[in-house]
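**Q** Here is a sequence with its predicted model. Questions after.
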Amino acid sequence: MKKDNKKVIYWLITGCVLIFIMVVVGGITRLTHSGLSISNYKLISGTIPPMNQVEWQTAFDLYKQYPEYQKLNNQFTLQDFKDIYFWEWIHRVIGRFIGLVFLLPFIYFLITKQLTKPTIKKAILLLGLGSLQGFLGWYMVKSGLVDNPDVSHYRLAAHLTTAFITFAYTFWVALDLIFPDKKAVNITFRNLVCFGLLILLLQIIYGAFVAGLDAGFIHNHWPLMNESQFMHNTVYIEQSPIYKNFIEGKSGVQFVHRILAYIVVLTILIIWRKGRKLKLNKHQKNGINLLLIMVGVQFLLGVLTLLLHVPVWLGVAHQVGAFILLSIMTFTLHKFSK
């Protein structure tokens, strides 16, 4: 049987789709403040939710032992608890399902010798990234079960960024199999697109910082911050020493996220303009054109999310926009790399 065949490609693309769904549900879980509703982690038995009133009450009583209920949600009824429990439960179930979707076909393809050695190595790395992602999810939740009923924004950023990187690498491996032919590479332009990808990943990290610190609920103006200031004075006085303002202060983190948005837009504009001067094939041309369109959509989503005080649907749309933009950037880099 031919190695690295269509079944392998479908397997990888299925993984990409499932990671996308996982990121969407994760965004909803975060924005509905549902992430701390399940305070234990049972790999097998945790797949089944409470099935009767007694089990629901037991789960609710466990939730009551932790700071989120005691300090924020002590007015919750059992029905309120069920509402937030659902999103965290489905998020975890999808995570387990993704693990099975990656692992079981990989074992099958190994046994039936349908993978080349390079693809086997890449798939093992993917499994490692998936395992890391699961660990980081648990590690993030754990940080919100102590005195402060909120997860560490550093751990949230690590969890989200690893999901994005896992998706991008899965997509890259699939593209390697879809487009196996090699061609001449414009190294200078490839490096420019690579820089664009790195800046986009940094922006995604800061997007996670904004989410983790609830920094989207302040300075709900654009293009200026509060009091018609480009850089509000709270940007550099909330934390000490001063550098902490830009990684832990709400105003400082939001300011960096704003500035990075302009840098991402400018970088993609440069990619598009320089790319148009090159002799491009159909896929390369589609890549740079889609980049330009999507960065405009994503920038608009970011502005609206800020102006409207982060409604759940718009916050999720903004996160999905980042995901789609990363997908297009990954595709474009691949088309200019091989």
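**A** That came in fine, so what should we check first?
**Q** All the helices of the chain, in order from the start?
**A** For the chain, helices defined by DSSP state H occupy the ranges 6-31, 53-63, 67, 78-111, 117-143, 153-178, 187-212, 250-276, 282-307, 312-335.
**Q** how about those helices in JSON lines, adding mean pLDDT?
**A** Shown next, in JSON lines, are those (pLDDT from 0 to 100):
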{"stretch": "helix 6-31", "mean pLDDT": "94"}
{"stretch": "helix 53-63", "mean pLDDT": "90"}
{"stretch": "helix 67", "mean pLDDT": "85"}
{"stretch": "helix 78-111", "mean pLDDT": "92"}
{"stretch": "helix 117-143", "mean pLDDT": "91"}
{"stretch": "helix 153-178", "mean pLDDT": "95"}
{"stretch": "helix 187-212", "mean pLDDT": "96"}
{"stretch": "helix 250-276", "mean pLDDT": "97"}
{"stretch": "helix 282-307", "mean pLDDT": "96"}
{"stretch": "helix 312-335", "mean pLDDT": "96"}
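**Q** mind checking which of the ones you listed is nearest Lys42?
**A** Counting by Cβ to Cβ, Lys42 lies closest to helix 78-111 out of these; the figure is 9.7 Å. (C-beta placed from N, C-alpha, C; glycine too.)
**Q** Next, the buried residues of that closest one.
**A** For helix 78-111, a neighbour-count test (16 or more other Cβ atoms under 10 Å) marks 81-82, 84-92, 94-95, 98-99, 101-102, 105-106, 109 as buried.
**Q** re the thing from before, any chance of the helices of the chain in TSV, with distance to Ile237 too?
**A** Formatted as TSV, those follow (distance: least, Cβ to Cβ, whole Å):
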stretch	distance to Ile237
helix 6-31	28
helix 53-63	37
helix 67	28
helix 78-111	35
helix 117-143	26
helix 153-178	19
helix 187-212	18
helix 250-276	9
helix 282-307	21
helix 312-335	27
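**Q** Now for the residue lying closest to Thr330 once chain neighbours are set aside: which residues touch it?
**A** Spatially, and ignoring its direct neighbours in sequence, Thr330 is nearest to Ala168 (4.7 Å; Cβ to Cβ, 6 or more residues apart in numbering). Residues in contact with Ala168 (Cβ atoms under 8 Å, 6 or more residues apart in numbering) are 326-327, 330.
**Q** Can you give me the distance of Ala168 to Phe97?
**A** As judged by Cβ to Cβ, to the nearest Å, Ala168 and Phe97 stand 20 Å apart.
**Q** circling back to that earlier point, mind checking which of the contacts of Ala168 are buried?
**A** Neighbour-count burial (16+ other Cβ under 10 Å) applied to the contacts of Ala168 gives 326-327, 330.
**Q** and of the helices of the chain, who's closest to Glu227?
**A** helix 250-276 (11.8 Å).
**Q** wait, doesn't His232 sit right on His219?
**A** Yes: if you go by Cβ atoms under 8 Å, His232 and His219 touch, sitting 6.3 Å apart.
**Q** can you list residues touching both of the two?
**A** Joint contacts of His232 and His219 (Cβ under 8 Å, 6+ apart) are 225-226, 251.
**Q** want to try CSV for these, with neighbour count as columns?
**A** Output for the shared contacts of His232 and His219, formatted as CSV (neighbours: other Cβ atoms under 10 Å):
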residue, neighbour count
Met225, 21
Asn226, 13
Ser251, 24
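**Q** got the contact list for the closest residue to Lys250 other than its chain neighbours?
**A** Nearest residue to Lys250 in three dimensions, chain neighbours excluded: Ala215, at 4.2 Å (Cβ to Cβ, 6+ apart). Ala215 makes contact with 209, 250-251, 253-254, 257, according to Cβ under 8 Å, 6+ apart.
**Q** how much space between Ala215 and Glu238?
**A** Noted for Ala215: a distance of 10 Å to Glu238, by Cβ to Cβ.
**Q** So for the two, which residues contact both of them?
**A** Joint contacts of Ala215 and Glu238 (Cβ under 8 Å, 6+ apart) are 250-251.
**Q** Pick the one among the buried ones among the contacts of Ala168 closest to Ile13.
**A** Closest approach between these and Ile13, by Cβ to Cβ: Ser327, at 11.6 Å.
**Q** The closest one is in contact with Trp172, isn't it?
**A** No: counting by Cβ under 8 Å, Ser327 does not reach Trp172; the two are 10.6 Å apart.
**Q** what about the closest residue in space to Leu110 that isn't next to it in sequence, how many residues close to it?
**A** Spatially, and ignoring its direct neighbours in sequence, Leu110 is nearest to Ile120 (7.1 Å; Cβ to Cβ, 6+ apart). Counted with other Cβ atoms under 10 Å, the neighbours of Ile120 add up to 14.
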